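A.B. asks: how would this look folded up:
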Amino acid sequence: MGHFRLNLKVIQGYLLVVLLHGFWDGLPSIISLFTPSYVAILLAEIIVGFIGIYVLFKLWKEAKKQGNENIMNSIH
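C.D. replies: Down below sits the predicted model:
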């Protein structure tokens, strides 16, 4: 049965979600100081979306590398 564990990866994940949510809420207001609001909303969604996709891509590469290392270790 799984146990609740609070470790560095859990804290980092939580902080990432908090940061992305803050960007999602606050970035349109900041960008709208320089552009019309409809452009600000679109730019903010694109920026937050790219950040999220970048993070997912990096995590996927890390998991793939770790999986390959586990396969290599099990062979030897």
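A.B. asks: same for the helix or strand harbouring Leu16, what does it pack against?
C.D. replies: Taking DSSP states H and E as the criterion, Leu16 maps to helix 8-31. For helix 8-31, the elements it packs on are helix 37-75, judged by 3 or more CB pairs under 8 Å, 6 or more residues apart in numbering; DSSP states H and E. All C-beta spots, glycine's among them, are computed from the backbone N, C-alpha and C.
A.B. asks: can you give me how far the helix holding Leu16 is from the chain middle?
C.D. replies: 8 Å (CA atoms, centre = their mean, to the nearest Å).
A.B. asks: Just the residues contacting that helix, thanks.
C.D. replies: Helix 8-31 has contacts (CB atoms under 8 Å, 6 or more residues apart in numbering) with 37, 39-41, 43-45, 47-48, 51-52, 55.
A.B. asks: would TSV of those residues with neighbour count, distance to Glu69 and pLDDT be doable?
C.D. replies: Formatted as TSV, the contacts of helix 8-31 follow (neighbours: other CB atoms under 10 Å; distance: CB to CB, whole Å; pLDDT from 0 to 100):
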residue	neighbour count	distance to Glu69	pLDDT
Ser37	11	48	89
Val39	13	45	94
Ala40	18	44	93
Ile41	16	42	93
Leu43	16	39	95
Ala44	20	38	94
Glu45	14	36	94
Ile47	15	33	95
Val48	19	32	94
Ile51	15	27	94
Gly52	15	26	93
Val55	14	21	94
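A.B. asks: Would you mind giving those residues as JSON lines with distance to Asn7 added?
C.D. replies: Converted to JSON lines, these look like this (distance: CB to CB, whole Å):
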{"residue": "Ser37", "distance to Asn7": "41"}
{"residue": "Val39", "distance to Asn7": "41"}
{"residue": "Ala40", "distance to Asn7": "37"}
{"residue": "Ile41", "distance to Asn7": "36"}
{"residue": "Leu43", "distance to Asn7": "35"}
{"residue": "Ala44", "distance to Asn7": "32"}
{"residue": "Glu45", "distance to Asn7": "32"}
{"residue": "Ile47", "distance to Asn7": "29"}
{"residue": "Val48", "distance to Asn7": "26"}
{"residue": "Ile51", "distance to Asn7": "23"}
{"residue": "Gly52", "distance to Asn7": "22"}
{"residue": "Val55", "distance to Asn7": "18"}
